[in-house]
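Q: Pasting a predicted model and its sequence here:
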Amino acid sequence: MLETMDIRKIVSAELERQGRSVYWLAKAVEKHMSNTTVYEFVKGEKQVTAANLGYVLDALGIKLTPGADPGASTRKPARN
């Protein structure tokens with residue numbers, strides 16, 4: 001089972017891989033979460049609900065699959 005800290009690391013790594021910023025992520029989920037909440041979550045200062053985490057993962061194209069190989073990737077390719 002992944003812990004919140006692991007999810008944050010995944011989110012941060014995916015932002016970097018895609019060449020995107022936390023600002024971009026905050027704008028991508030602004031209908032569901034405040035910018036402050038996004039920044040505080042990524043910095044490790046705040047936890048988010050499962051629903052809000054879902055919005056973050058969707059914005060980044062990350063899918064959690066129970067029982068999946070942790071090394072397998074179902075992410076969208078990074079933008080050019």
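A: Noted; the coordinates are in hand. Numbering: from 1, shown residues only.

Q: Mind checking what helix or strand follows the helix ranked longest in the chain in sequence?
A: Counting residues, the longest helix found in the chain (DSSP state H) is helix 4-18. Where DSSP states H and E defines the elements, the next helix or strand beyond helix 4-18 is helix 22-28.

Q: still on that earlier bit, residues of the longest helix of the chain that come out buried?
A: Using 16 or more other C-beta atoms under 10 Å as the test for burial, helix 4-18 gives 7-8, 10-11, 14-15, 18. Heads up, the C-betas are built off the backbone N, CA and C, glycines and all.

Q: And that helix, what does it pack against?
A: Packing partners of helix 4-18 (3 or more C-beta pairs under 8 Å, 6 or more residues apart in numbering; DSSP states H and E): helix 22-28, helix 35-43, helix 50-60.

Q: Buried residues of the second one, list them for me.
A: Okay, so that is helix 35-43. For helix 35-43, by 16+ other C-beta under 10 Å, it's 37-38, 41-42.

Q: Please identify which pair of these lies farthest apart.
A: Spatial extent of the buried residues of helix 35-43 (C-beta to C-beta) is set by the pair 37 and 42 at 9.7 Å.

Q: so where is this structure shaky, pLDDT-wise?
A: Residues of the chain meeting the criterion pLDDT under 70: 1-5, 68-80.

Q: residues contacting the spatially most central residue of the chain?
A: With distances taken as C-alpha atoms, centre = their mean, the residue of the chain nearest its centroid is residue 11 (3.6 Å). For residue 11, the contacting residues are 25, 41-42, 56-57, 60, 62, by C-beta atoms under 8 Å, 6 or more residues apart in numbering.
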